[in-house]
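Fold the stuff below for me.
(one chain, ligands or ions: 1)
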Amino acid sequence: MQKQDIDRILAELDALSCKTQKEVEEARVRFLGKKGSITALFDEFRTVDKDLKKEFGRPLNELKQTAQTKIESLKESIGGEGAAEVPGIDMSMPGDTMELGSRHPVSIVRQEIVDIFRKFGYDVAEGPEVEDDYHVFEALNFPPNHPARDMQDTFFVSSGHPNPLLLRTHTSSVQVRTMEKMGLPIRVICPGRVFRNEAISARAHCIFHQVEGLYIDENVTFADLRQAILLFAREMFGPETQIRMRPSYFPFTEPSAEVDVSCNICHGKGCNICKGTGWLEILGCGMVDPNVLEASGIDSKKYSGFAFGMGLERIAMLKWRVNDLRHYFENDMRFLEEFATSVKEF
Ligand code: PHE
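The predicted structure is shown next:
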């Protein structure tokens, strides 16, 4: 046994580098295995005489220690079994980032409207999408076979009995349910999805969203309605916004009106969005018909109220100048990503 044997193996260990776990294992066998070079030195050591034992005992043990430490550290630095063996995979590359989604324009507008009416003291109520005829029509002063039912092309779920199930055509049904169970005064908005059997086009869809509102108390007048709508329009479309009301007809309100806001794009001068009129139609409203109050057990001599309803897709179209309603339902990422910057909070 000679000192050079130990030095040679130390130098080999020092120069040792491995690329795979397989190579590390081979190196371990070469140095420390049954027939390994270090094991061979230990075998030889057993046969040398006492003086040499004293001289070589310690360096030999240190050599074994160095070899074990080196093999361990190579094993760890190469990582998981086989990972680095796969060609073309660079483990040092940065990982994929997570794409953050954005809110849908309809839900952004819905939240804005809810926030505005919350500030005015309105609660939010929701109700079923599959409704009965009573809550969608009858309680809202649409008598059976009344032609006004044709104004709303209804999808029926069941038929053949006096109160068939149907997909609600407006969220006024939630207002009826609110009148039935909430104490007076009532100040509520009802956002939700509604369904009408319409041919799908750039301006119409068979599924859309509404926010309807209802305010019932003593001495509620048309002036209160006008003021509520004006304040809402200014919060929604800017402080300069003007409104105008045109007479209209709904079975559940009398008098009824359609509301236009001044076009916030051309400021009344006339452009292709407002079709040269300077005005954009945004909602329908009116004073709740006494028949509707009475149908839900409210004394129409003591109480009066107003109601309004608007389509969210239409408001979003005006806000972002979307020219085709179908964009809202097609889930085209190029369209949806446009709204990522509009999200104030998730
Ligand atoms: N429910 C009506 C619609 O869907 C809108 C409306 C609500 C009109 C309340 C007047 C009052 O068309």
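
what does the stretch 51-200 of the chain put close to the ligand?
Applying Cβ under 6 Å from any ligand atom, one finds that the stretch 51-200 of the chain approaches the ligand through 170, 172. Any C-beta I mention is one placed from the backbone N, CA and C, and that applies to glycine too.

For the stretch 51-200 of the chain, give me the ranges with low pLDDT.
Applying pLDDT under 70 to the predicted model, the residue ranges of the stretch 51-200 of the chain that meet it are 79-86.

rerun at 80
Scanning the stretch 51-200 of the chain for pLDDT under 80 picks out 78-89, 97-101, 147-152.

which ones are touching E72?
E72 makes contact with no residue under the criterion Cβ atoms under 8 Å, 6 or more residues apart in numbering.

cool, P59 as well?
With the criterion set at Cβ under 8 Å, 6+ apart, P59 makes contact with 3, 6.

Give me the buried stretch members for stretch 18-31, please.
Buried positions in stretch 18-31, judged by neighbour count with 16 or more other Cβ atoms under 10 Å: 18, 21, 24, 27-28, 31.

hey, where'd the strands end up in the stretch 101-250 of the chain?
Assigned by DSSP state E, counting those that start in this stretch, the stretch 101-250 of the chain shows strands spanning 123-124, 130-132, 165-167, 186-195, 207-217, 243-250.

do you know how far E76 is from the ligand?
As judged by Cβ to the nearest ligand atom, to the nearest Å, E76 and the ligand stand 68 Å apart.

What is the neighbour count of that residue?
Counted with other Cβ atoms under 10 Å, the burial measure for E76 works out to 9 neighbours.

So the residue in the stretch 201-346 of the chain that the ligand sits nearest to, which state does it fall into?
The ligand sits closest to G309 of the stretch 201-346 of the chain, with a gap of 2.8 Å, by Cβ to the nearest ligand atom. Local secondary structure at G309 is given as strand here, using DSSP: H, G, I helix; E, B strand; the rest coil.

Test my guess that it contacts F208.
No: under the contact definition of Cβ atoms under 8 Å, G309 does not touch F208, with a separation of 11.6 Å.

okay, the two: which has more neighbours?
G309 (23 against 19).

okay, the residue of the stretch 201-346 of the chain closest to the ligand: pLDDT?
Model confidence at G309, given as pLDDT, is 98.

Could you point out which residue ranges in the stretch 201-346 of the chain have low pLDDT?
In the predicted model of the stretch 201-346 of the chain, residues 264-265, 268, 272-273, 340-346 satisfy pLDDT under 80.

Check the gap between V48 and the ligand for me.
103 Å.

Make JSON lines from the buried residues of stretch 18-31 and add pLDDT to it.
Output for the buried residues of stretch 18-31, formatted as JSON lines (pLDDT from 0 to 100):
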{"residue": "C18", "pLDDT": "88"}
{"residue": "Q21", "pLDDT": "85"}
{"residue": "V24", "pLDDT": "90"}
{"residue": "A27", "pLDDT": "92"}
{"residue": "R28", "pLDDT": "92"}
{"residue": "F31", "pLDDT": "93"}
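
ok, so of the residues you listed, who is nearest K75?
Checking these against K75 with Cβ to Cβ, the nearest one is V24 at 5.2 Å.

if I've got this straight, the closest one is in a helix?
Yes: secondary structure assignment (three-state DSSP) places V24 inside a helix.

so who does whichever residue of the stretch 51-200 of the chain sits closest to the ligand touch?
Using Cβ to the nearest ligand atom, the point where the stretch 51-200 of the chain gets nearest to the ligand is H170, with a distance of 3.3 Å. Contact analysis of H170 by Cβ under 8 Å, 6+ apart lists 136, 152, 194, 210, 212, 309.
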